[in-house]
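Colleague: need the 3D shape of this:
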Amino acid sequence: MSAEPVHQIEFDASAPALGIWQRIRRLLPYFGALRATWAMVAISAVVGAATEPMIPALLKPLLDKGFQQGELPIWTVPVSLLLLFGVRGLAGYISQIGLTRITHHGLLILRQAMFNKILEADLKLFASQSSSTLSNTVVFEVQNGATMLVNALLSLTRNGLTLLALTTYLFYLNWKLTLIVAAIFPAVAWVMRVLTKRLHRLTQANQQATDELAYVVEENVLAHRDVRLYGAQAIQAARFERLSESLRHLAMKSTVAGAAMTPMTQMLAAVALSAVISVALVQSASSATSVGGFVAFVTAMLMIIAPVRQLSEVSSPITRGLVSLERGLALIQSTPNESGGDFAMPRASGHIALAGLRVKYPSATEPALDISELTVMPGETVALVGASGSGKTSLVNVLTRFIDMDAGQVTLDGHDLRDWQLSTLRAQFSLVSQQVVMINDTIAANVALGMPVDRSKVLECLVSANLSQFTQTLPQGIDTLVGHNATQLSGGQRQRLAIARALYKDAPILILDEATSALDTESERAVQEALDRLMKDRTTLVIAHRLSTVHHADRIVVLDHGKIAETGNHTQLLQLDGLYARLYRLGLHSEV
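Modeller: Below you'll find the model as predicted:
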């Protein structure tokens, strides 16, 4: 556990090269569906922005007529202010509600698409990505990204329109002075462009560092017993501290890049504001500018600072939000689905044939499987034995298409596995393994995994699996939640629950992968009785290290470095005095 593997979802290489609006348009299928809500938000933003110049516009008649000549009715002042701020508040309220609806509706669609991709993705995804990376992307990254991006876009729209409205009003008051304000826009745009590029790179690096830190946490939670048993806490703590420090360093660099944008743009705005006020004072001294007109102009100028400042800050959340959401898009668009054929059959007979099968893993120098020929007849029980790494589990994974072959052909009932629909192919197999995986749901839902729950059938399967007495003692019976991976159940109970699941599925082909190797004698006897009932009238493939569990097999296939070394029944192989007999003498025949 010393090396940190890269568990990063690869970004689309074209994404950074695209303009920011092109990148935003890629998200429209998810966040652009509620057009009426978007229109409502846009109208509210326009109305809110339009009210901004009305504040300095009200000051001019108030100062010129209200204080100097007394021509302004007193009631118009509170009425105008209440109406103005009422409209502003209502527009802001509608915008906030609309944006929340857009954000969470888009997240619903995006997350569903991401989760569907995980369910259908090529299995190479799970070899290259840790579970913490995938869960972090689906649950946290896209939510943070969507919230930041949508709120930033609202700020961009509202403050952009406010800036436009105030600038238009200033042109109306004094177009010469307003030209000075326009001079700062190119400089602000250049600052934002330079710092946005840096923020994009830092945000990507920050997300990768977060993934690696989350992976260390996940790894130590899963291996908590081993870490304590071997006294590795100090090493793991140092590893966590090193990655945390790297994340802190990147966070500081991102903050420095983002924070620099605001003071730089504010200084540019202050320069322009100082020049405008200076020129305005000179003009007021040599012209007939009214007090109200001068105050209105200065007030509008001061009000421009706020939208300029907020516009200078909007680049960082837009960049961060886009990078986060592009991780989700990369998962959806760049991850291929599993490939299958069109052939379907409700129930296969269980005839399996292998010819010239060859499987080689990318990092290996030798093939994991190299089988010239093997046939399994319907209803036959075939045991696969051999030392660790001999290819037993790889062969089973080829049959279920969890691994694709590099050469050769494997057929089920005369049809190449690659021609079968994947869902139909896998419906022909049931698996009972040493590592039993349970979902956090009821016992009934775990037994009927992937199928509608038939309570009477569930109870029958639990009886056949020697588990009915246990479920009867539970407070809610088969409706009892098993918890996280059913860890409160014993090993034997979990195995029998897996057998009940296989009985419920009633597939024609059964795979037993070391199903009793981790059990005590009493538990193994109960499980073996359930397995005997399960194996009846099915094609059964038994993976075993302990040869005592394969005595009953019709045929035993001995694998050695991915090749078939011997075949025959138990007696024949002992008489042959080959690899099987040697394994038997080494003690792998321990009694049940």
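
Colleague: what's the pLDDT at residue 348?
Modeller: For residue 348, the model assigns a pLDDT of 92.

Colleague: how near is it to residue 366?
Modeller: As judged by Cβ to Cβ, to the nearest Å, residue 348 and residue 366 stand 32 Å apart. From N, CA and C alone the C-beta is placed, and that goes for glycine too.

Colleague: which one of those two is surrounded by more residues?
Modeller: The neighbour comparison of residue 348 against residue 366 (other Cβ atoms under 10 Å) goes to residue 348, with 22 against 9.

Colleague: doesn't the more buried one lie inside a helix?
Modeller: No: judged by DSSP: H, G, I helix; E, B strand; the rest coil, residue 348 forms no part of a helix; its state is coil.

Colleague: do you know the pLDDT at residue 86?
Modeller: 89.

Colleague: show me how far whichever strand or helix holds it is from its chain's centre.
Modeller: Element membership for residue 86 (DSSP states H and E) is helix 76-120. Centroid separation for helix 76-120 versus its chain: 25 Å, with Cα atoms, centre = their mean, to the nearest Å.

Colleague: okay, domains of this structure per the record?
Modeller: 24-334, 352-588 (automatic domain parsing).

Colleague: residue closest to the middle of the chain?
Modeller: residue 138 (2.7 Å; Cα atoms, centre = their mean).

Colleague: for residue 260, which non-adjacent residue is closest in space?
Modeller: residue 195 (6.3 Å; Cβ to Cβ, 6 or more residues apart in numbering).

Colleague: is it true that residue 377 touches residue 353?
Modeller: No: between residue 377 and residue 353 there is no contact under Cβ atoms under 8 Å: 9.7 Å.

Colleague: pretty sure residue 425 sits against residue 338.
Modeller: No: Residue 425 lies out of contact with residue 338 (Cβ under 8 Å); the separation is 10.6 Å.

Colleague: ok, those two, which is more surrounded?
Modeller: More neighbours surround residue 425 than the other of residue 425 and residue 338, with 23 against 16 (other Cβ under 10 Å).

Colleague: residues contacting that one?
Modeller: 340, 400-401, 412, 417 (Cβ atoms under 8 Å, 6 or more residues apart in numbering).

Colleague: element containing it?
Modeller: Assigned by DSSP H and E, residue 425 belongs to helix 422-426.

Colleague: is it true that the residue nearest to residue 260 lies in a strand?
Modeller: No: with three-state DSSP as the criterion, residue 195 is helix rather than part of a strand.

Colleague: that one and residue 314: what is the separation?
Modeller: Distance of residue 195 to residue 314, computed by Cβ to Cβ: 12 Å.

Colleague: leaving out chain neighbours, which residue sits closest to residue 493?
Modeller: residue 470 (6.1 Å).

Colleague: ok, that neighbour - how many residues close by?
Modeller: 17.

Colleague: start at 50, not 1
Modeller: All right, first residue 50 from here; so that's residue 519.

Colleague: pretty sure it sits in a helix.
Modeller: Yes: under three-state DSSP, residue 519 sits within a helix.
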